[in-house]
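Participant: Give me the fold of what follows.
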Amino acid sequence: MLDTTAWKVFAGENAEYAIGGPTSELFIKSWNAKYPNSQIEYKVKDSGYIYAKVGNNNWSSGFNIEVVTSFDNLYSLTGNNKAKGMWLASPSGGDHHLNIISTPRMWAEYYYGTECGFKPIVCLKSTLVLKETGLNEFLIK
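Facilitator: Numbering: from 1, shown residues only. From the prediction side, this is the model:
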């Protein structure tokens, strides 16, 4: 998932690179900014990551965040034939790949099914200037 060559079709001329999904660091930073009352922290264990709610010293290779009461389209899609979650581009401190499932709680756990998809992350060139066109919508100038 971190192979920038494999995901270059998503990058285009205005991007430095693209990867197959957010890393644990990117996901946690995004989550903590969006949900300040349900902060998550992470640390490295062996060759992967483990997680805990901030203030809860119960470290695990997965987590269940009960504060989300509906599907969050930033992290998953709703409806028929759409991914209910996304893969994270970071190794788990457990035995399996880690993904995020919104059902409507946010889960990060080992997953054996086929309901997860990829949500490529594109790193735009630092020289680009963005113009806001609406609520959370931007155009490249």
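Participant: State the three-state secondary structure for residue 26.
Facilitator: The three-state label given to residue 26 by DSSP: H, G, I helix; E, B strand; the rest coil is helix.
Participant: where's it relative to residue 92, distance?
Facilitator: 16 Å (Cβ to Cβ, to the nearest Å). Heads up, the C-betas are built off the backbone N, CA and C, glycines and all.
Participant: higher neighbour count, those two?
Facilitator: Between residue 26 and residue 92, counted using other Cβ atoms under 10 Å, the more crowded position is residue 92 (24 against 15).
Participant: didn't that one look like it was pressed against residue 61?
Facilitator: Yes - counting by Cβ atoms under 8 Å, residue 92 touches residue 61, with 4.8 Å between them.
Participant: pull the helix or strand with minimum mean pLDDT from this protein.
Facilitator: strand 106-109 (a mean of 58; mean pLDDT, DSSP states H and E).
Participant: Helices of the protein, residue ranges please.
Facilitator: For the chain, the helices defined by DSSP state H cover 24-34.
Participant: Quick check: residue 75 vs residue 60, distance?
Facilitator: In terms of Cβ to Cβ, residue 75 sits 19 Å off from residue 60.
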